[in-house]
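**Student:** Model the following, please.
(2 chains)
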Amino acid sequence: MWKTIVRRIFIMIPQLFLLSILVFLLAKAMPGDALTGLVDPSLDPAALEAQRERLGLNDPWHVQYWNWMIHALQGDFGQSFRFKMPVSELIGQRIFNTIWLSVATLILTYLIAIPLGITSGRYNDTWADRLITGYTYLGFAAPLFIFGLVMLWLFGFHFDWFPTGGSVKPGVEPGTAAYVFSKIYHLLLPALSMALITTVTTVQLLRSEIIDTKQRDFILTARAKGASESRVYNRHILRNSLLPIAAFFGYEITGLIGGTVFIESIFSYPGMGQLFLSSISLRDFSVVTALVLLYGLASILGALISDLILSIVDPRIRIK
Amino acid sequence: MSKLATAEADRSPSGWKIIWREIVRDKVAFASFLFLGLIIVFVYGISLVLDQKQIVTVDLFSLYKPPSAEFWLGTDYGGRDVFGQLIIGTRNSLSIGIIVTLMTGIIGILIGLLSGYFGGSVDNVFMRFVDFFMILPTLMIVIAFVTAVPKYSIISFSLIMTAFLWMGIARLIRSKALQERELDYIQASRTLGSSHLKIMFTQLLPNLSSIIIVTMTLNLAANIGLESGLSFLGFGFPESTPSLGTLVSYARNPQTLESRWWIWLPASVLILVLMLSINNVGQALKRATDARQRKG
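**Tutor:** Numbers count the residues shown, from 1 in each chain, chains lettered A, B, ... in the order given. Got it, this is the predicted structure:
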């Protein structure tokens, strides 16, 4: 097992290297450089050139890449010219909002998927199953941003049940119970909107796993030995059907990354996705590069988690 | 819904026949198929008559008009006719979806075929690249490239989308080609002296065609969704070239979302219906390729 983990982590090294090159090229391809935001029209071009020289912007690209990477490894992504503060600090303010949103979405996703999947798989081809299958069909086709908009329109504006923006009510003292409650209240609608869409693949997977497992020989054996119906389902079928679901957990994380960008934009939720979009519109490129790198890192870690869970769950695919 | 398959005594039906039968048997899929055909004829037909320049020209005397006889679906914040934008937007979204699907299909099929047919170290190299592209946060990278590209046009937009979306189909074709190359007919053809190229493109590829069609159909829905999503966020087409996502993006203004439904709701419903229909057809095709699941 340890061998598998170590090998799998080694596979990440070239991935991280390629990612860093891609992000570096992206940063170079973007118009402007670290000085653009600071330039004053009255500045002497010679002085500007000296500054460029000092910052190493005239060095050959591999030297620049090396310097950039050394800084990035230390968490130094330069300055945001829009907010006039270090990028790492700026991201630090936002990252937790996105993490809370993702955690809430994951919890809701499984809270919805497991009962629906079990009902649909256990009582397949009944009206309840048809209803659930219809929902997964619709949810599979519906783009997240449209569903999010409709949810915001219905529950945010029309019924006025939920706040329509922000991550917390302004003026609430941090650290109090009211603050925590307000945070959760602001999270609920965005997280639910995303969960209702992302959950459909898990429901479909769980349903087909349960239907598959139901027909296996060991279930017949369990029934023949006189196990009660609830024992057959809870102990034998469910346990075996949940394994593939667990294995997809890591991919679920990767999938959330794109989703949070849409959801944060629709619900004006101040997370990393919203920061990414506004920074790109205002050409604050040091923030953009840092965020792309962070998102890339998150999906590499998501893939790592999936593979590790898979190898724990299914011994056949362990690396020998 | 399923009836017993009508037994054909003589020979098994051809691939196209099976696909057609499966679509006709499944009423929902057949309705979706007809609907898609109608939409395509309607949208491409009407947009020949419509003048895109005139529709996207701002008219300050008719801002935010609700639906009327003159403007069937009202006007947007620039006084532009929503119905006309809807038609042109559907055409643009469909076109870009089809272009991207075809381009990703060609790249994916080439890489998948080479990788699966030769196997070994060729496969290893290609698959490491696929693995790398698979884990990239596609949405952010596409958005970042869209803004970084100096000359931004429909061509560069579809190229950027293609560059980060070809991996899924490559992986699928590769795994099917790996299975297929072990079969006797490939070995036989090789023994008879056929070249690798001939085997790959005239013998192996036709046997994968049904899977390719299914995947490309389902990809088409996904690509239309991604394009309208990008346009919704403001990183797809410019406003002068409306897409369905552009119309939905006007709903990011809370007042439009709350009280001017005619701007964003028709486009949203149209995206949903388009994606549902394409998925329905795709699912029917998928069943046609798997004899166990067929209805007809």
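
**Student:** ranges for the strands of the stretch 51-200 of chain B?
**Tutor:** Using DSSP state E, counting those that start in this stretch, no strands are found in the stretch 51-200 of chain B.

**Student:** Tell me which stretches of it form helices.
**Tutor:** Per DSSP state H, counting those that start in this stretch, the stretch 51-200 of chain B has helices spanning B:52-55, B:82-118, B:120-135, B:138-148, B:154-163, B:167-180, B:184-191, B:196-198. These are given in chain order.

**Student:** Of those helices, which shows the lowest average pLDDT?
**Tutor:** Of all these, helix B:52-55 carries the lowest average pLDDT, namely a mean of 70.

**Student:** same for that helix, what does it pack against?
**Tutor:** Contact here means 3 or more CB pairs under 8 Å, 6 or more residues apart in numbering or on different chains; DSSP states H and E; on that basis helix B:52-55 packs against helix B:82-118. Backbone N, C-alpha and C define where each C-beta goes, glycine included.

**Student:** and the helix it packs on with chain A, contact?
**Tutor:** No. Applying CB under 8 Å from any CB of the partner chain, one finds helix B:82-118 separated from chain A by no less than 11.4 Å.

**Student:** pLDDT below threshold where in the stretch 151-296 of chain B?
**Tutor:** The stretch 151-296 of chain B contains residues with pLDDT under 70 at B:291-296.

**Student:** How about the residues of it by chain A?
**Tutor:** Checking the stretch 151-296 of chain B against chain A by CB under 8 Å from any CB, the hits are B:221, B:225, B:228-229, B:232-235, B:248, B:251-252, B:254, B:257-258, B:264, B:268, B:271-272, B:275-276, B:279.

**Student:** Residue B:16 looks like it's in a helix, true?
**Tutor:** Yes. Assessed by DSSP: H, G, I helix; E, B strand; the rest coil, residue B:16 belongs to a helix.

**Student:** Just give the number of residues close to it.
**Tutor:** Residues contacting residue B:16 under the criterion other CB atoms under 10 Å in any protein chain shown number 12.

**Student:** so what pLDDT did it get?
**Tutor:** You'll see residue B:16 listed with a pLDDT of 73.

**Student:** packing partners for the helix or strand harbouring residue A:146?
**Tutor:** Assigning secondary structure by DSSP states H and E places residue A:146 in helix A:144-151. The contact analysis (3+ CB pairs under 8 Å, 6+ apart) places helix A:144-151 against helix A:177-214, helix A:249-266, helix B:205-233, helix B:244-249, helix B:261-289.

**Student:** pull the CA atoms of that helix into PDB?
**Tutor:** The C-alpha coordinates for helix A:144-151 follow below in PDB (Å, rounded to 0.1, in the frame of the first residue of the first chain):
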ATOM      1  CA  LEU A 144     -25.400  24.700 -13.900                       C
ATOM      2  CA  PHE A 145     -25.500  28.400 -14.600                       C
ATOM      3  CA  ILE A 146     -29.100  28.300 -15.800                       C
ATOM      4  CA  PHE A 147     -30.300  26.200 -12.900                       C
ATOM      5  CA  GLY A 148     -28.400  28.600 -10.500                       C
ATOM      6  CA  LEU A 149     -30.100  31.600 -12.100                       C
ATOM      7  CA  VAL A 150     -33.600  30.000 -11.800                       C
ATOM      8  CA  MET A 151     -32.900  29.100  -8.100                       C
END
